[in-house]
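# below are the sequence and a predicted model; questions follow.
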Amino acid sequence: MSGTQVNGAWQDADTPDQNLLRGAKAIADKIDAGIIIMPATPEDVEALQPILMKLGMAAPTHYLSIYKNRRGKFKSVRLWCHGKLGICRLDPCFLTDHNHNFIPIDNLVIKTEEEEKFKPTNFDDHVVSEAYEMVF
């Protein structure tokens, strides 16, 4: 994964896409997935109210504008998220097109067997064990 900067027009963009990339346009041609992270505006939150009320959730703080998704099903869409910037995390909530129309998607959970090999096995201190369980 790599990243680059956007140009000064990002604040006025209705549809964030490759035109916001700063510098060489060849970047947009070479990538397999193109995503721009944007803050949710008050206008976005207002337009999302019917979806938020139906889902019973708080307003998202950010969205991923997915403008390119080579070999993928979804492109020209927005993945709305709750941002936890203090820990550099975005929790996905729901998907829409650029006109705020809801797009149903499956909740995909990937489980691997390798997770078990990283779990410590001999904790002597009960407090440390509880802290581990809270984090993982």
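Received, thanks.

# what is the neighbour count of the closest residue to P60 other than its chain neighbours?
Nearest residue to P60 in three dimensions, chain neighbours excluded: W80, at 4.0 Å (CB to CB, 6 or more residues apart in numbering). Glycine gets a C-beta too; all of them are placed from N, C-alpha and C. Counted by other CB atoms under 10 Å, the residues lying close to W80 total 26.

# same check on D91?
11.

# check A47 too.
15.

# what about the strands in this structure?
Secondary structure of the chain (DSSP state E): strands located at 33-39, 62-69, 77-84, 89-97, 102-103.

# quick one, which of these is nearest to K111?
Closest approach to K111 among these (CB to CB): strand 89-97, 17.4 Å.

# now the angle between strand 62-69 and that closest one, please.
If you take axes from the mean of the first three to the mean of the last three CA atoms, to 10 degrees, strand 89-97 sits at 60 degrees to strand 62-69.
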